[in-house]
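Enquirer: can you look at this prediction? I've put the sequence above it.
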Amino acid sequence: MTDRLDGARVGRVALAVTDLDAVTAFYRDVVGLAVLDRTTDAATLGAGDTPLLELRADEGLPERPRSAAGLYHVAFRFPSRGALADALDRVRDDWRLGGASDHGVSEALYLADPEGNGVELYRDRPRETWPVADGRVAMTTDPLALDALAADADGASDAPPGTDMGHVHLEPTDLAAAREFYVDALGLAVRQEFGADALFVASGDYHHHVGLNTWRGRTAPAEGRGLDWYELLVPTEAALDAAADRLVAAGYSVERTPNGLAVADPDGITLRLRVAE
């Protein structure tokens, strides 16, 4: 049994929301996703014909408690600087920009959706330019020149094909327990650490597929509206089976599903794994 999950990437993210119309409109008009399917209580959005975001409506769902673990942000990765600049134009025209950073490996915009879920819109710099230190990626947080970015806009109103879910950033209650799950059991690799407060892990040599931080001091398991589940796509059935074996050996309860498997992390956040199509 291999101890590493290689060749994986983030698939879909699902959010539980109370106002389906408002949240759908945000991801369509601001992020630029296409509505691929819509019912009275659910919506699927994506880029091209690739689904990236599942929305599930529950009008009675309480707001996520301030103490609860859960989503820090979901991160949509754009395939070019021009496409990210188009997203900046949409944010400036229709929403509120919360922040912007140059991380060395990427250029990123930050905002929140109508129900307070954190959203990152970013594009990666070429890998050969990524800063490294001691064999690991060395992400930084510097100001992003927004006007220079805006000047590179392509003029498109939608996120282009090739836009994907680059990573998911979570807020666990205990970083050590999260590390045991995501690194020791699931098999992701540590790509960068920021003291005892933040950890960035990935499959292979990407800068991160899952971010983890305890900056806000969450103390309770995940509950309420927000992140419903998220998905990692693995390259083969053998990789899926090996991940299941590692998780079971580490004491986690793994549910086999028609499409793959599901497992809850130490804070009750549901992770789904399936073989990429």
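Expert: Perfect, thanks for sending it.

Enquirer: helix, strand, or coil at the residue nearest the centre of the chain?
Expert: Nearest to the mean C-alpha position of the chain, by C-alpha atoms, centre = their mean, lies residue 168 at 2.1 Å. In three-state terms, and counting by DSSP: H, G, I helix; E, B strand; the rest coil, residue 168 is strand.

Enquirer: who's in contact with the closest residue to residue 156 other than its chain neighbours?
Expert: Distances taken as C-beta to C-beta, 6 or more residues apart in numbering place residue 86 nearest to residue 156, at 4.9 Å, with adjacent residues excluded. Every C-beta, even on glycine, is put in place using the N, C-alpha and C of the backbone. Each residue near residue 86 by C-beta atoms under 8 Å, 6 or more residues apart in numbering is listed here: 32, 153, 154, 155, 156, 157.

Enquirer: do the same with residue 173
Expert: 69, 214, 218, 219, 220, 221, 266, 267 are the contacts of residue 173 under C-beta under 8 Å, 6+ apart.

Enquirer: need phi/psi at it.
Expert: Torsion angles at residue 173 (phi, psi; degrees, to the nearest 10) stand at phi -90, psi -30.

Enquirer: okay, it and residue 203: tell me how far apart.
Expert: Distance of residue 173 to residue 203, computed by C-beta to C-beta, to the nearest Å: 24 Å.

Enquirer: neighbours around residue 197, how many?
Expert: Neighbourhood size, residue 197 [other C-beta atoms under 10 Å]: 12.

Enquirer: not counting residues beside it along the chain, what's closest to it?
Expert: residue 214 (5.4 Å).

Enquirer: give me the distance between that neighbour and residue 160.
Expert: On the measure of C-beta to C-beta, residue 214 and residue 160 end up 35 Å apart.

Enquirer: swap in residue 6?
Expert: Distance from residue 6 to residue 160, by C-beta to C-beta: 28 Å.

Enquirer: Serialize the contacts of residue 86 to JSON lines and add fields for secondary structure and neighbour count.
Expert: Listed next are the contacts of residue 86 as JSON lines, based on DSSP: H, G, I helix; E, B strand; the rest coil; neighbours: other C-beta atoms under 10 Å:
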{"residue": "32", "secondary structure": "coil", "neighbour count": "24"}
{"residue": "153", "secondary structure": "coil", "neighbour count": "17"}
{"residue": "154", "secondary structure": "coil", "neighbour count": "13"}
{"residue": "155", "secondary structure": "coil", "neighbour count": "8"}
{"residue": "156", "secondary structure": "coil", "neighbour count": "15"}
{"residue": "157", "secondary structure": "coil", "neighbour count": "9"}
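
Enquirer: how about the helices in the stretch 51-200 of the chain?
Expert: Under the criterion DSSP state H, counting those that start in this stretch, helices of the stretch 51-200 of the chain are mapped to 81-94, 146-150, 175-179.
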